[in-house]
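**Student:** I'll drop the sequence and a predicted model, then ask my questions.
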Amino acid sequence: VTIPPANRRPDFDITRASHVALAVRDLAASVDFYTQVLGLVLSDREGGTAYLRGVEEVCHHSLTLTEAAGAPACLRTGLRLADEDEVDRAAAFFRARGLPVEEVRLPFCGRALHASDPDGTPLELVARMETRPRAYGDVASHRGAPALRFDHFQILVPDPEATARFYAELGFRTSDYIQDDASGEVIGFFMFRKDNPHDLVFFRRPGPVLHHFGYFVSEPSHIFRACDIAGQMGFGEGVERGPGRHGLGHSLFVYLRDPDGHRVELLPPAVQMIDREEEPVRWSASNGFSSIAWGLPAQRRWFEEVTPYQGVGTRAPAKAGSPMTLERYLQERA
Ligand SMILES: [Fe+2]
């Protein structure tokens, strides 16, 4: 297997996965969920959009919720550029490849681009944001988990090796990959720019669609607190997977579904990844357990229910996978 090596001198400098823009059906219900269960701070609400940030975050928002009629969707995958002088280089990169790109004016942001990657995933590249005081010391105001900061996206794509090649050219390194033992194909890539294993995670399934986005919490008890509050607020069935522990990264996790079914993961901060000599770590897809250190596999809906990107068509992979779902696991052992 050749894992595409990260380009150390990419045409422009992406620093991290930074924010997600969601379309929601009932803004008040969604704001309630994200402020009470995750404990995000409401930075602003204007023009039908709420702007939220984690209690540790200094930038204006890492989550935007826009009320819209119709099916819930993801509007944009947010990435940060190192500074405003990257914007023109980024635009030239997309233009040279025939990919959609345009400069946009966004509330609370400096120069920014809307672009699409080769899968059609809509990107929002933001060079600067207004800042707000970090709320981490304002302990008496904390609600919910409280979530510290945005961490990563998991996006499903039909050909993750092709997607990984594109992002490797943009400087993304692969920390871990999931390989199908029989075919040798890599069906999952964990890629990063910041100092931990994941900014963008790609798995092979029909796509592009958003599977989930992740926020960090400071300690395990905060995961249980989020679950308790979700249960009390009537979202108990939306505590979809976990709390449990991933094999990969040995990270505690829980996946929650918001009032529109958008999936958010809470997890404690991941391991540090900085030094260049670390080789990508291989995990086997075959046993179905690389994703859990213990416990039972995820229920089928965790694999199959996803958030579409608004207005973006999907393609099926050349080969369909057969993930070890909870339903299959129980049937095989009945
Ligand atoms: Fe995740």
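**Tutor:** Everything's here; your move.
**Student:** show me what contacts Leu210?
**Tutor:** Shown in contact with Leu210 (CB atoms under 8 Å, 6 or more residues apart in numbering): 20, 74, 77, 153-156, 262, 306-309. Yep, even glycine has a C-beta here, placed from its N, CA and C like the rest.
**Student:** three-state assignment of Ala318?
**Tutor:** Applying DSSP: H, G, I helix; E, B strand; the rest coil to Ala318 yields a three-state assignment of coil.
**Student:** show the pLDDT at it.
**Tutor:** In this prediction, Ala318 carries a pLDDT score of 92.
**Student:** can you pick the most crowded of the contacts of Leu210?
**Tutor:** Ile155 (27 neighbours; other CB atoms under 10 Å).
**Student:** from one end of stretch 205-223 to the other, what's the distance?
**Tutor:** 28 Å (CA to CA, to the nearest Å).
**Student:** hmm, I was thinking of stretch 1-13
**Tutor:** Counting by CA to CA, the length from the leading to the trailing residue of stretch 1-13 is 27 Å.
**Student:** again with stretch 178-195
**Tutor:** 20 Å.
**Student:** contacts for that stretch?
**Tutor:** By CB under 8 Å, 6+ apart, the list of residues contacting stretch 178-195 from outside reads 1, 3, 14-17, 160-161, 163-164, 167-168, 171-177, 197-204, 248, 272-274, 282-286, 290, 319, 321.
**Student:** helix or strand with the lowest mean pLDDT in the chain?
**Tutor:** Taking mean pLDDT, DSSP states H and E as the measure, the helix or strand of the chain with the lowest value is strand 281-284, at a mean of 91.
**Student:** can you name the next helix or strand after that one?
**Tutor:** Stepping forward along the backbone from strand 281-284, the first helix or strand reached (DSSP states H and E) is helix 300-304.
**Student:** now that following helix: mean pLDDT?
**Tutor:** Confidence for helix 300-304, expressed as mean pLDDT, is 95.
**Student:** hmm, who's touching that helix?
**Tutor:** Here helix 300-304 has contacts from 205, 240-241, 255, 263, 323, 325-328, using CB under 8 Å, 6+ apart.
**Student:** hmm, 10 Å instead?
**Tutor:** Helix 300-304 has contacts (CB atoms under 10 Å, 6 or more residues apart in numbering) with 156, 203, 205-206, 211-212, 240-242, 255, 257, 261, 263, 297, 321-328.
**Student:** tell me how far that helix lies from the chain's centre.
**Tutor:** Between the centre of helix 300-304 and the centre of its host chain there is 16 Å, according to CA atoms, centre = their mean, to the nearest Å.
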